[in-house]
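S.K.: Mind folding the following:
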Amino acid sequence: MSLSPILPGRIPSSLTASRLVGNVQRANELLARLQDQVATGQRFFLPSEAPSAAIRSIALQKTIERKSQMQVNLNTNRSLLSVTETNLTTVSDALNQAKTFLIAGVADSATDADRQAMAIEVTSLLQGVVQAANAKYQGRYLFGGTESRTTPFETLGGGLVRYNGNSESIQSYIDLNQLIANNVDGETAFAALTKPISKDVDPALTLATRIADLNSGRGVGLGPITVTVDNGGPVVKTVDLTTAGTVGDVKTLIENAFPPGTLTVDIDPATKNGLRLTPAAGTVAVADVAGSTVAADLGIASAAAAQITGSDLDPQLTLLTKLADFNAGAGIGTTAGKGLLINNGLISKTIDISSAATVQDFFNLLESNNLDLSLGINETGDGLDIASRLSGADFTIGENGGTNAAGLGIRTLDGSTLLADLNLGQGAQVDLIDSQGNPIPAPLNITRRDGSNIAIDLQGLSTVQQVLDTINAVDPGVLVASLNAVGNGISLLDNDGSSTGPLIVAGDAVAVALGLDGTEAGTDATVPLVGKDVNPQKSNGVISLLVRLGQALSSNDSRELERLDPLIDAETQRFTLVRGEIGSRQKVLDDVQNRLQDEDISLQQALSAEFDTDLTQAVTQIAQVSKVLQATLQISSQTAQLSLFSFL
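M.R.: Alright, predicted model coming up:
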């Protein structure tokens with residue numbers, strides 16, 4: 001701090017006095033500021049005092065605050081996953097005990113009383129598993145997905161258990177731009193839903209189809225394309241499609257680029273899955289501008305041609321897709337008086353879907369009928385995704401005299417059903433091998449209405465449709481096999497126009513596995529033998545397996561116990577993977593926490609360098625300023641020693 005020189009013994013002028021006062025004030029202000037810095041540890045108190053450092057400090061403080069919240073999230077997530085793991089340990093123990101009961105139940109030494117006692121024990125295991133599945137932490141159900149306020153598992157009549165949650169994850173940030181799920185939904189943990197019923201329904205392209213829904217939902221990044229119409233002289237137009245939201249918009253933009261009637265753009269009527277460009281006369285060509293793939297992505301890039309037929313744009317299924325647009329525009333068949341026959345546990349209903357126009361309408365109808373179903377669109381975006389929420393229940397969707405279930409892609413037994421999947425995975429053994437590796441004949445034995453016997457060899461077949469085709473080839477148009485008109489199963493008709501004897505399918509292993517064993521004894525040859533549904537869907541999760549194990553032990557069903565044996569092993573293995581995934585997440589949390597702790601030290605150090613007071617420097621400055629202030633005061637006192645004589 002500099003002071004204005006004052007000659008001793010002279011009366012200071014007003015300017016000199018002002019300088020002295022200013023020096024003293026500045027010294028006091030600086031001293032006070034340094035003392036505040038030492039007292040508070042802050043280098044500055046207003047951003048204007050150190051703008052650059054203030055900007056950096058604010059950014060560092062914001063980052064530290066966010067990182068602190070990440071630490072809170074980490075601790076919460078760790079607690080949630082820890083409680084989740086504890087409850088899954090209970091379930092894992094129940095699976096191991098179930099395996100023990102199953103082995104004891106199939107043993108020759110087990111008596112009926114033993115199996116009844118074990119069935120009671122399995123019921124207790126089931127109750128414990130359901131209790132663990134309904135575990136809560138801090139008022140939140142652990143296994144309900146995002147439905148964390150609703151009891152996820154509910155025990156119903158008949159030993160069935162319904163899952164009320166969903167398959168969504170609750171995620172939280174554990175670091176900037178790093179999310180992790182802190183829950184395991186009931187479907188993932190307990191396989192609480194049946195395997196979804198879903199088939200590609202090939203939605204038709206329409207003018208209302210959104211550009212974002214093309215190419216299985218990947219959409220098309222729009223921009224300009226070049227369209228050339230040559231009718232004796234080429235007319236080239238660059239058409240900017242950027243504003244198009246639907247296929248209809250693309251049609252309008254391309255057509256409007258030319259005089260009315262010059263070029264027509266429509267949906268290819270043959271395939272209903274791509275665009276078609278037709279000039280009134282001459283040829284049309286479509287090309288991409290340099291660096292663009294818009295025309296190619298729209299499937300219409302082509303050299304000059306009398307007509308351009310675009311490639312399949314593969315529109316994805318949405319809730320607004322019309323049922324009439326299923327199956328490349330063929331629809332789902334007549335719905336009036338038809339519909340679906342749905343069985344799910346104790347529920348059996350015929351569903352009239354004639355009022356449904358869209359996928360959303362159809363889902364709303366199913367929801368309103370309280371069928372205990374999970375409804376959605378599959379991951380590939382080309383079909384419905386329907387599953388049962390009931391563990392331990394048989395679930396089927398069949399026809400009600402029409403083709404609606406097949407048209408919707410949700411019939412649980414159709415021509416594409418694999419023989420190996422029938423009877424809950426036990427299959428239909430049409431390819432038997434003896435100990436020498438030789439094939440063992442396992443024909444389908446039929447006594448026809450005229451009294452003749454035939455044996456139909458089904459070896460080598462793998463699907464239900466192949467079975468139907470093989471039977472229908474025996475006596476075409478007379479001996480007819482088809483899928484049941486109502487429900488599911490195979491129907492067999494034998495009508496030569498004159499024979500009225502009984503139609504009999506012998507109850508051998510193949511016929512039983514196909515559900516076709518039995519007799520149609522009526523004399524009306526137009527009435528078929530209606531087979532049974534041998535492809536019910538069931539969950540193979542732990543809850544469902546415990547329900548079925550208890551039932552099998554109680555009813556002394558050794559065959560069912562044998563069938564459950566590999567399923568329990570598979571579920572145990574799957575469940576181990578679920579627990580392993582939780583362990584992996586916990587490891588991620590540990591790693592992130594260690595990193596956050598290291599980062600916090602670095603951030604605090606950086607903030608300290610910008611914002612904290614350098615105590616050594618500040619104390620040194622206080623000493624220096626104090627000396628300057630003292631010197632200034634001394635000079636001021638010497639130069640300002642005034643008396644009465646100074647004014648005479």
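S.K.: longest helix anywhere in this protein?
M.R.: Longest helix of the chain, by residue count under DSSP state H: helix 51-106.
S.K.: What residues sit buried inside whichever helix or strand comes after it?
M.R.: Per DSSP states H and E, helix 51-106 leads on to helix 112-133 as the next helix or strand towards the C-terminus. Of all the residues in helix 112-133, those buried under the rule 16 or more other Cβ atoms under 10 Å are 115, 118-119, 122-123, 125-126, 128-130, 132-133. Quick note: C-beta positions are derived from backbone N, CA and C, even for glycine.
S.K.: circling back: the longest helix of the chain - what's its average pLDDT?
M.R.: What helix 51-106 shows for mean pLDDT is 89.
S.K.: Direction-wise, compare it with helix 112-133 and give the angle.
M.R.: Taking axes from the mean of the first three to the mean of the last three Cα atoms, to 10 degrees, one finds helix 51-106 and helix 112-133 inclined to each other by 170 degrees.
S.K.: so how many other residues sit close to Val38?
M.R.: Neighbourhood size, Val38 [other Cβ atoms under 10 Å]: 15.
S.K.: just to revisit the earlier point, may I see the buried residues of helix 112-133 arranged in JSON lines, with distance to Asn369 and pLDDT as well?
M.R.: What follows is the buried residues of helix 112-133, written out as JSON lines (distance: Cβ to Cβ, whole Å; pLDDT from 0 to 100):
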{"residue": "Arg115", "distance to Asn369": "38", "pLDDT": "93"}
{"residue": "Met118", "distance to Asn369": "38", "pLDDT": "95"}
{"residue": "Ala119", "distance to Asn369": "33", "pLDDT": "94"}
{"residue": "Val122", "distance to Asn369": "32", "pLDDT": "95"}
{"residue": "Thr123", "distance to Asn369": "30", "pLDDT": "94"}
{"residue": "Leu125", "distance to Asn369": "33", "pLDDT": "95"}
{"residue": "Leu126", "distance to Asn369": "28", "pLDDT": "95"}
{"residue": "Gly128", "distance to Asn369": "33", "pLDDT": "95"}
{"residue": "Val129", "distance to Asn369": "29", "pLDDT": "96"}
{"residue": "Val130", "distance to Asn369": "26", "pLDDT": "96"}
{"residue": "Ala132", "distance to Asn369": "31", "pLDDT": "96"}
{"residue": "Ala133", "distance to Asn369": "26", "pLDDT": "96"}
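S.K.: So which of these is the closest to Gly383?
M.R.: Ala133 (29.5 Å; Cβ to Cβ).
S.K.: and that closest one, how far is that from Gln436?
M.R.: Per Cβ to Cβ, to the nearest Å, Ala133 is found 50 Å from Gln436.
S.K.: how many neighbours does Leu450 have?
M.R.: Slight slip there: residue 450 is Asp, not Leu. 12.
S.K.: Ok, the one 4 residues further on next?
M.R.: Neighbouring residues of Ile454 were enumerated by other Cβ under 10 Å; the total is 14.
S.K.: Specify the beta-bridge partners of it.
M.R.: According to DSSP bridges, the residues that bridge with Ile454 are Ile446.
S.K.: That one against Thr470, yeah?
M.R.: No: using Cβ atoms under 8 Å as the test, Ile454 is too far from Thr470 to be in contact (11.7 Å).
S.K.: Would you mark the buried spots in stretch 549-557?
M.R.: For stretch 549-557, using 16+ other Cβ under 10 Å, the buried residues are 549-554, 557.
S.K.: One more: stretch 229-239?
M.R.: Those buried within stretch 229-239 under the rule 16+ other Cβ under 10 Å are 229, 235, 237, 239.
S.K.: if I pick the closest residue to the third one other than its chain neighbours, what's in contact with it?
M.R.: The one in question is Lys237. In this structure, Lys237 finds its nearest non-sequential neighbour in Ala257, 4.3 Å apart by Cβ to Cβ, 6 or more residues apart in numbering. Contact analysis of Ala257 by Cβ atoms under 8 Å, 6 or more residues apart in numbering lists 227, 237, 239.
S.K.: So the first one: helix, strand or coil?
M.R.: In other words, Val227. strand (DSSP: H, G, I helix; E, B strand; the rest coil).
S.K.: give the contact list for it.
M.R.: So Val227 contacts 236-237, 239, 254, 257-258, 263, 277, 284-286 (Cβ under 8 Å, 6+ apart).
S.K.: With the last one instead?
M.R.: Listed by Cβ under 8 Å, 6+ apart, the contact set of Val239 reads 224-227, 253-254, 257.
S.K.: what about the nearest residue to Leu60 once chain neighbours are set aside, how many residues close to it?
M.R.: Closest residue in space to Leu60, ignoring its immediate chain neighbours: Leu607 at 4.3 Å, by Cβ to Cβ, 6+ apart. The number of residues packed around Leu607, counting by other Cβ under 10 Å, is 18.
S.K.: Give me the helices and strands touching the helix or strand harbouring Leu607, please.
M.R.: Here Leu607 sits within helix 558-611, counting by DSSP H and E. In terms of contacts (3 or more Cβ pairs under 8 Å, 6 or more residues apart in numbering; DSSP states H and E), helix 558-611 is packed against helix 51-106, strand 171-175, strand 178-181, helix 542-554.
S.K.: Check which helices and strands the following helix or strand past the shortest one sits against.
M.R.: Think strand 178-181. Later in the chain than strand 178-181, the nearest helix or strand by DSSP H and E is helix 186-190. Where contact means 3+ Cβ pairs under 8 Å, 6+ apart, helix 186-190 is packed against helix 51-106, helix 112-133, strand 161-163.
S.K.: Swap in 10 Å and give it another go.
M.R.: Packing contacts for helix 186-190, counted by 3 or more Cβ pairs under 10 Å, 6 or more residues apart in numbering; DSSP states H and E, involve helix 51-106, helix 112-133, strand 161-163, helix 542-554, helix 558-611.
S.K.: Quickly note the distance from Leu193 to Asp372.
M.R.: From Leu193 over to Asp372 (counting by Cβ to Cβ), the distance is 10 Å.
S.K.: Please disregard the earlier target; I meant Val510.
M.R.: 34 Å.
S.K.: Equivalent analysis for Asn215, please.
M.R.: 35 Å.
S.K.: from the chain's centre, how far out does stretch 534-549 sit?
M.R.: Taking Cα atoms, centre = their mean, to the nearest Å, the mean C-alpha location of stretch 534-549 is offset from the chain mean by 23 Å.
S.K.: Please disregard the earlier target; I meant stretch 173-193.
M.R.: For stretch 173-193, the distance to the chain centre is 11 Å (Cα atoms, centre = their mean).
S.K.: buried stuff in that stretch?
M.R.: 174-175, 180-193.
S.K.: and if you look at stretch 502-509?
M.R.: 503-506.
S.K.: Return the closest of those residues with respect to Ala525.
M.R.: Using Cβ to Cβ, these come closest to Ala525 at Leu503, 8.1 Å.
S.K.: show me the contacts for the residue lying closest to the closest one once chain neighbours are set aside.
M.R.: Of all residues beyond its chain neighbours, the one nearest Leu503 is Glu520 (4.4 Å), with distances taken as Cβ to Cβ, 6+ apart. Residues near Glu520 by Cβ atoms under 10 Å, 6 or more residues apart in numbering: 449, 491-494, 502-505, 527-530.
S.K.: Comparing Val510 and Asp372, which residue is more hemmed in?
M.R.: More crowded of Val510 and Asp372, by other Cβ under 10 Å: Val510, with 23 against 19.
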